[in-house]
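>>> model this:
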Amino acid sequence: MPSSAAELVDLLDLETIDLNLFRGKQPHTKMQRVFGGQVAAQALVAAARTAPERMQVHSMHSYFLRPGDTAVPIVYDVERVRDGRSFATRRVLARQHGRPIYALTASFQVDEEGLEHQDAMPQVPSPEEAFDVSAAMRSAEDTERREEWLREWSALELRHAGDSRPGGALADGEHPAVVRYWIKVADRLPDQVLLHRAALTYVSDMTLLGATLVPHGLHPSSRGVQAASLDHTVWFHKPHRADEWLLYDQTSPVAAGGRGLALGRLFTQDGRLVASVAQEGLIRPRPDLV
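Have a look, this model is predicted:
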């Protein structure tokens, strides 16, 4: 994964190989499969490259079809479904080894004024008061964990602002699965709307599936759990910067059938709700992996 904001920007700069056809590079990684946020963000960039310049993406809906191979580039094939006066629609199929690994539908819209309302941001510790996950991982005594964080995730800053585990600050009996993080890209990004929306897409997949496992005292890398993202949706509501703190408020209203549903809301520090996210993931118990 990218180890700096500059590497993240480079990762999201796709190569045009033909009309409506793009190629995304791979970062240096030891992960067994492509990070879902990476393929989602690259696919979004591919779709946007073909959209009218006057429009910005406002929603994206996608499915993870196969694990991505980290050793080869990903090819993104864009279909121009519709171009209207206010909205445009694109479909993207990401392929490796001649097979689809990810499918995206994205909708773009011209900027408009209209009616507005939003939920209030939850009361949480500030980023300065929240537990600094990034700093803890950078100084971890476990050399393997420390080096993995530096290699895979050091382009991001992450701070834990509470969860609903038994005894956790957010445990209330009514909502069994709640977790909150402050998150941002660690260094300044260029002033490009698409880049910030793609970067938000990238980070939105980082912790969301974990919300479905909070009531069970587990996380996606726990032994005895087979975990994988199945689909991913993002709605972009308002302008934002991915290099400034965003509160990622995550809940999981239900888990059943070996799957968990997670919902997320991203707020700026001044309380603006700028994006909403939904994801269903596989959280299959696997006693044979214990």
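>>> contacts, neighbours, all on C-alpha from now
Will do.
>>> what ranges of the stretch 101-250 of the chain fall below the confidence cut-off?
Within the stretch 101-250 of the chain, the stretches with pLDDT under 70 are 145-146, 149-152.
>>> Show me where it has its helices.
133-138, 143-152, 193-204 (DSSP state H, counting those that start in this stretch).
>>> just those: most buried one?
helix 193-204 (a mean of 22; mean count of other CA atoms under 10 Å).
>>> ok so, going back, among the helices of the stretch 101-250 of the chain, which is nearest S221?
Nearest to S221 among the helices of the stretch 101-250 of the chain is helix 143-152 (12.3 Å), distances taken as CA to CA.
>>> And what about V39, helix, strand or coil?
Assigned by DSSP: H, G, I helix; E, B strand; the rest coil, the conformation of V39 is helix.
>>> and what of the one 4 residues further on?
Classification of A43 by three-state DSSP places it in helix.
>>> Please tell me the pLDDT value assigned to it.
In this model, A43 is scored at 98, pLDDT.
>>> For the stretch 151-290 of the chain, which segments count as strands?
Applying DSSP state E, counting those that start in this stretch to the stretch 151-290 of the chain gives strands spanning 156-163, 178-185, 225-236, 246-256, 259-268, 273-285.
>>> tilt between the second one and helix 193-204?
Put plainly, it is strand 178-185. Here the directions of strand 178-185 and helix 193-204 differ by 140 degrees (axes from the mean of the first three to the mean of the last three CA atoms, to 10 degrees).
>>> What is strand 178-185 packed up against?
strand 156-163, helix 193-204, strand 246-256 (3 or more CA pairs under 8 Å, 6 or more residues apart in numbering; DSSP states H and E).
>>> sorry, back to before: highest mean neighbour count out of the strands of the stretch 151-290 of the chain?
Most buried among the strands of the stretch 151-290 of the chain, counting by mean count of other CA under 10 Å: strand 178-185, with a mean of 26.
>>> so how far is A278 from L170?
20 Å (CA to CA, to the nearest Å).
>>> same deal with S4?
27 Å.
>>> Repeat that for L12.
Using CA to CA, L12 is found at 22 Å from A278.
>>> Over to P239?
For P239, the distance to A278 - CA to CA - is 19 Å.
>>> Check the burial of P73 by counting its neighbours.
Using other CA atoms under 10 Å, P73 is surrounded by 16 other residues.
>>> so it makes contact with R23?
Yes - P73 lies in contact with R23 (CA atoms under 8 Å); the separation is 6.5 Å.
>>> okay but Q38 is in contact with Y202, surely?
Yes - if you go by CA under 8 Å, Q38 and Y202 touch, sitting 5.6 Å apart.
>>> Overlap of the contact sets of those two?
By CA atoms under 8 Å, 6 or more residues apart in numbering, Q38 and Y202 have no common neighbours.
>>> show me what contacts the nearest residue to L246 once chain neighbours are set aside?
Counting by CA to CA, 6 or more residues apart in numbering, L246 lies nearest to T268, which is 4.8 Å off, once chain neighbours are set aside. T268 sits next to H240, E244, W245, L246, L247, V274 when contact means CA under 8 Å, 6+ apart.
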